[in-house]
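K.L.:
compute the structure for the input listed below.
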Amino acid sequence: MRLRMSALLLLPLGLSAAVGCSSGSDGAAADDIAAAAHAKAACDVFVNFKPPPGSGADSQIDYAKATYGAFLKAADLASQAAAVDPRWKALESAAEREAAGFEIIVKGAEGSTQLDTARVNNAVTETKAARPLFIAECTKADPKHFTTASPSPSPTAKATKQKR
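P.N.:
Below you'll find the predicted structure:
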């Protein structure tokens, strides 16, 4: 009788412990799903990215501005993913590096007097270094739309000479 009573008392405790573990696991799984969704959304910014038309100097500036804005949005979404799941820290870092680089490129293109050519060139180098990392992380987050085989081009800081 005593053994049966102990078993009856332990059964609810065992069930509540199992349910507690299960809901913790479910909560972690939900967090993983939410983080992955934010990471995918960060990458999807570029799946849906439409560069401004044209090829002149103004169009290139508009392209840099649009890319800067897109990387800001991607960095914000990647930050939300990394806050929940540290596996997305690399995506966050790459997006932030790209955004910071494009911010300098845009300021340089708009003629900021506080920027010199070396700083703009360093920003271009930074975006070129961060781009493969961003794409590699997007390959993990959204393999349907991203591959590491053909990274998108980064901007160049080449000065073009006009013929006279």
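
K.L.:
spatially nearest residue to residue 65, not counting backbone neighbours?
P.N.:
residue 106 (5.4 Å; Cβ to Cβ, 6 or more residues apart in numbering). No exception for glycine: its C-beta is placed from N, CA and C like everyone else's.

K.L.:
now for the one you found: which residues touch it?
P.N.:
Neighbouring residues of residue 106 by Cβ atoms under 8 Å, 6 or more residues apart in numbering: 61, 64-65, 68.

K.L.:
recalculate using a threshold of 6 Å.
P.N.:
64-65, 68 (Cβ atoms under 6 Å, 6 or more residues apart in numbering).

K.L.:
check residue 141 too.
P.N.:
Applying Cβ under 6 Å, 6+ apart, the residues near residue 141 are 39-40, 43.

K.L.:
mind exporting the C-alpha coordinates of the strand or helix carrying the residue nearest to residue 65 to CSV?
P.N.:
Using DSSP states H and E, residue 106 maps to helix 89-109. Output of helix 89-109 as CSV, limited to C-alpha atoms (Å, rounded to 0.1, in the frame of the first residue of the first chain):
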residue,chain,number,x,y,z
LYS,A,89,26.1,36.5,-35.1
ALA,A,90,28.2,36.1,-38.3
LEU,A,91,25.2,37.3,-40.4
GLU,A,92,24.7,40.2,-38.1
SER,A,93,28.4,41.2,-38.3
ALA,A,94,28.6,40.9,-42.1
ALA,A,95,25.5,42.9,-42.6
GLU,A,96,26.7,45.6,-40.2
ARG,A,97,30.1,45.7,-41.9
GLU,A,98,28.4,46.1,-45.3
ALA,A,99,26.1,48.9,-43.9
ALA,A,100,29.0,50.7,-42.4
GLY,A,101,31.0,50.5,-45.6
PHE,A,102,28.1,51.7,-47.7
GLU,A,103,27.5,54.6,-45.3
ILE,A,104,31.0,55.9,-46.0
ILE,A,105,30.7,55.2,-49.7
VAL,A,106,27.5,57.2,-49.9
LYS,A,107,29.0,60.1,-47.9
GLY,A,108,32.0,60.0,-50.2
ALA,A,109,29.9,59.9,-53.3
